[in-house]
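Engineer: Kindly return the folded structure for what I paste below:
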Amino acid sequence: MSTYTTSYASALQMNEDNTFTVLAVSESHSVATDSDDDGALTTGEDVTIDTDMNTYQLQAPIEGFHDDGYVVFADGGYVLFSNTSYDAGTTFPLDTEDTGHPGLPVCFTKGTLIDTPDGPGALAFINISIVVIISVL
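Structural biologist: Have a look, this model is predicted:
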């Protein structure tokens, strides 16, 4: 299972020109889990978000990206989850795979097994000298 952790949540307004304006920013520890476990969060992918701002998990597709964060439409509004605190009034375009944004790399959770030539190995024991097997879809 792959995750991406962020420290801020920004409430957004979508503008007529499809840009977004930050309305308010809150410190928020949030963890997004990717649905296809491919090691990256991508546009259109459903994510499950655990955040200290809600008592329940959010589930929503990723609308796009800005810098080190991702935007979802959840609970009736757009939210940017990122590791950057933006000032209210900041306006930005949304990056998508269509604009060449590759998505965000994610971290692997404790206990994740990584394929090696000798079979699956615990991530905690993988180091620079161990060969791993990857696939690019």
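
Engineer: Q13: neighbour count?
Structural biologist: Neighbourhood size, Q13 [other CB atoms under 10 Å]: 12. Any C-beta I mention is one placed from the backbone N, CA and C, and that applies to glycine too.

Engineer: What strands flank the helix or strand containing it, and is each parallel or antiparallel?
Structural biologist: Q13 belongs to strand 2-14 when elements are defined using DSSP states H and E. Strand pairing for strand 2-14, using DSSP bridges, gives strand 19-34 (antiparallel), strand 77-82 (antiparallel), strand 107-108 (antiparallel).

Engineer: Give me the mean pLDDT for that strand.
Structural biologist: Averaging pLDDT along strand 2-14 gives 91.

Engineer: hey, which of the strands paired with strand 2-14 is tucked in deepest?
Structural biologist: strand 77-82 (a mean of 22; mean count of other CB atoms under 10 Å).

Engineer: Please state the offset of it from the chain centre?
Structural biologist: 11 Å (CA atoms, centre = their mean, to the nearest Å).

Engineer: Then stretch 42-54?
Structural biologist: 7 Å.

Engineer: circling back to that earlier point, turn the strands paired with strand 2-14 into JSON lines, including mean pLDDT and distance to V132.
Structural biologist: Below are these laid out as JSON lines (pLDDT from 0 to 100; distance: least, CB to CB, whole Å):
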{"stretch": "strand 19-34", "mean pLDDT": "93", "distance to V132": "19"}
{"stretch": "strand 77-82", "mean pLDDT": "95", "distance to V132": "29"}
{"stretch": "strand 107-108", "mean pLDDT": "64", "distance to V132": "12"}
